[in-house]
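Peer 1: Sequence and predicted structure are below.
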Amino acid sequence: MPKLLIVDDELDVREFARNFFRKRGLDVFIAANGPEAMGMITGECPDLVLLDIRMGDMSGLDVLRELRRLENPVKVIMVSGIEDEQVVQETIALGALGFIHKPLILEELEKVVLREFSLQS
């Protein structure tokens, strides 16, 4: 079963997305912040991470930088409510597969995630 990690500091977003993707047959894990995400990535080895940029002490960008420094090849899609082209370009340079803007549009999110798991027909 494909593993998805959802990292967001908003509980409502984490829970909603977890329930949404569990109904689509994914094994879903959640993390509320950067350090928790790093532990989940190491422990659960997800196939894909939906990673919020704006979080507490360790931003999603910090998490992505650390993953790449550690040469962790996990697939990452960034999620954010901000519109900062410089940040978007940096995430792409660090190997993020894409960038999804909040508020989340479920059809778009589903299409992007399931395409990565090759589950979409």
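Peer 2: Cool, the structure landed. Residues are numbered from 1 along each chain as shown.

Peer 1: Please name the nearest non-neighbouring residue to the residue positioned nearest the centre of the chain.
Peer 2: Closest to where the C-alpha atoms of the chain average out (CA atoms, centre = their mean) is L50, at 1.1 Å. Leaving aside its chain neighbours, L50 sits nearest to I6 (4.9 Å; criterion: CB to CB, 6 or more residues apart in numbering). (C-beta placed from N, C-alpha, C; glycine too.)

Peer 1: Return the list of helices and strands in contact with the helix or strand hosting the one you found.
Peer 2: Assigned by DSSP states H and E, I6 belongs to strand 3-7. Counting by 3 or more CB pairs under 8 Å, 6 or more residues apart in numbering; DSSP states H and E, the packing neighbours recorded for strand 3-7 are helix 11-22, strand 27-31, helix 34-44, strand 48-52.

Peer 1: helices or strands next to the last one in the packing?
Peer 2: Using 3+ CB pairs under 8 Å, 6+ apart as the contact criterion, the elements in contact with strand 48-52 are strand 3-7, helix 34-44, helix 60-69, strand 75-80, helix 106-116.

Peer 1: Neighbouring strands - and their directions - for the first one?
Peer 2: Which is strand 3-7. Using DSSP bridges, the strands paired with strand 3-7 are strand 27-31 (parallel), strand 48-52 (parallel).

Peer 1: ok, residues contacting the first one?
Peer 2: Put plainly, it is strand 27-31. Applying CB atoms under 8 Å, 6 or more residues apart in numbering, the contact partners of strand 27-31 are 1-8, 14-15, 17-18, 21-22, 37, 39-40, 44, 46.

Peer 1: Buried residues in that strand, which are they?
Peer 2: V28, F29, I30, A31 (16 or more other CB atoms under 10 Å).
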